[in-house]
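J.: only geometry, no sequence info:
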């Protein structure tokens, strides 16, 4: 079972493997299987578990590979959407990787991160939290994706420590 460690784990956010309800070839209903798999995986994580609604769209199946987008309403990723890559193994759809943000609202994301750090009982001083939010608002999209969706928590911590 593959797990994806997101630097957002600093905020108690993580992604989990996608477990599909049922497999199948290129049969009708595969889109529903992928949607069910994405919703189940994101719903089991804090990244999706605190969302009021998850909407899966843009499902594109090509053989044993698929892509999809999951949009978040409410919670820590409110207003954001992630682009996902999936692969079918042994009749089940599994998350291959998080490709990036399909929709990125840097202001909303920064506000969410600021709220989470403020609620984390003083892990960072107020000026550090504000600095971190400003840095996320001002960073190029690619840097935000690398920092928050990459597999290196060290990069995120280095980014955050610059606000210290």
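T.: Received it, and whenever you're ready, just let me know what you need. Since this is a predicted model, take the numbers as computed values, not measurements. Residues are numbered from 1 along each chain as shown.

J.: who does the host helix or strand of residue 70 touch, helix- and strand-wise?
T.: Take DSSP states H and E as the rule and residue 70 turns out to sit in strand 65-73. In terms of contacts (3 or more CB pairs under 8 Å, 6 or more residues apart in numbering; DSSP states H and E), strand 65-73 is packed against helix 30-43, strand 53-62, strand 81-89, strand 92-103. (Each C-beta comes from the backbone N, C-alpha and C, glycine too.)

J.: 10 Å - rerun?
T.: Other helices and strands packing on strand 65-73, by 3 or more CB pairs under 10 Å, 6 or more residues apart in numbering; DSSP states H and E, are helix 30-43, helix 46-49, strand 53-62, strand 81-89, strand 92-103.

J.: Adding distance to residue 142 and mean pLDDT, write these out as JSON lines.
T.: Output for the helices and strands packed on strand 65-73, formatted as JSON lines (distance: least, CB to CB, whole Å; pLDDT from 0 to 100):
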{"stretch": "helix 30-43", "distance to residue 142": "23", "mean pLDDT": "77"}
{"stretch": "helix 46-49", "distance to residue 142": "20", "mean pLDDT": "57"}
{"stretch": "strand 53-62", "distance to residue 142": "21", "mean pLDDT": "90"}
{"stretch": "strand 81-89", "distance to residue 142": "14", "mean pLDDT": "92"}
{"stretch": "strand 92-103", "distance to residue 142": "8", "mean pLDDT": "88"}
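
J.: Dump the ones you listed to TSV, plus distance to residue 117.
T.: TSV is the format used below for these (distance: least, CB to CB, whole Å):
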stretch	distance to residue 117
helix 30-43	22
helix 46-49	14
strand 53-62	24
strand 81-89	21
strand 92-103	20
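
J.: of all the ones you listed, which lies closest to residue 114?
T.: Smallest distance to residue 114 across the helices and strands packed on strand 65-73 (CB to CB): 16.7 Å, for helix 46-49.

J.: And the closest residue to residue 53 other than its chain neighbours, how far from residue 134?
T.: Distances taken as CB to CB, 6 or more residues apart in numbering place residue 73 nearest to residue 53, at 4.0 Å, with adjacent residues excluded. Using CB to CB, to the nearest Å, one gets 25 Å for the distance from residue 73 to residue 134.
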